[in-house]
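Novice: coords please:
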Amino acid sequence: MRRFLLIVEDRPTISFALSDYFATRGWDVECAASVSEAEAILLRRKVTVLIADLSLSQPGSIDGLELTRQVRRHWPRTRTIILTAYGTPEVELTARRIGVDAFLHKPAPLAELARVADALSEG
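Specialist: Take a look at the predicted model:
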């Protein structure tokens, strides 16, 4: 079974770079620029790993932590990675408490992000 990665990132250049990198590593990938787009994909696809930006700038959008809460509630088998440039130890602790599987700081090396996603997809 192929692994499916959902990238939730509101900056197209970052989404494209991540999507291209993971596709070359054998992942099926879709990107969402907002939580509503992500939810639509989650409803129609079995997502193996979700990578979400902590701070989504879409007006009225919830952040990556609230998205993780929803994923844990409705799609508990989906593994989650928060990627952020604005993380603090307190935010990371909150993320861990709500069930985020990995918390990485931008600019995380692509190889590190792939290693984490690969490990999460294997169980």
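Novice: OK, contacts around the most centrally placed residue in the chain?
Specialist: Centroid-nearest residue in the chain, with Cα atoms, centre = their mean: Ile51, separated by 1.3 Å. By Cβ atoms under 8 Å, 6 or more residues apart in numbering, the contact set of Ile51 is Leu5, Leu6, Ile7, Val8, Glu9, Leu18, Thr80, Ile81, Leu83, Leu113, Ala117. C-betas here are computed from N, CA, C, even on glycine.
Novice: what comes up buried for whichever strand or helix holds the last one?
Specialist: Read that as Ala117. For Ala117, the element it lies in under DSSP states H and E is helix 110-121. Residues of helix 110-121 classed as buried by neighbour count (16 or more other Cβ atoms under 10 Å): Leu113, Ala114, Val116, Ala117, Leu120.
Novice: can I get those residues in JSON lines with distance to Val29?
Specialist: Conversion of these to JSON lines gives the following (distance: Cβ to Cβ, whole Å):
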{"residue": "Leu113", "distance to Val29": "13"}
{"residue": "Ala114", "distance to Val29": "12"}
{"residue": "Val116", "distance to Val29": "15"}
{"residue": "Ala117", "distance to Val29": "11"}
{"residue": "Leu120", "distance to Val29": "15"}
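Novice: can you give me the strands in this protein?
Specialist: Under the criterion DSSP state E, the chain contains strands at 4-8, 28-32, 49-53, 79-84, 102-105.
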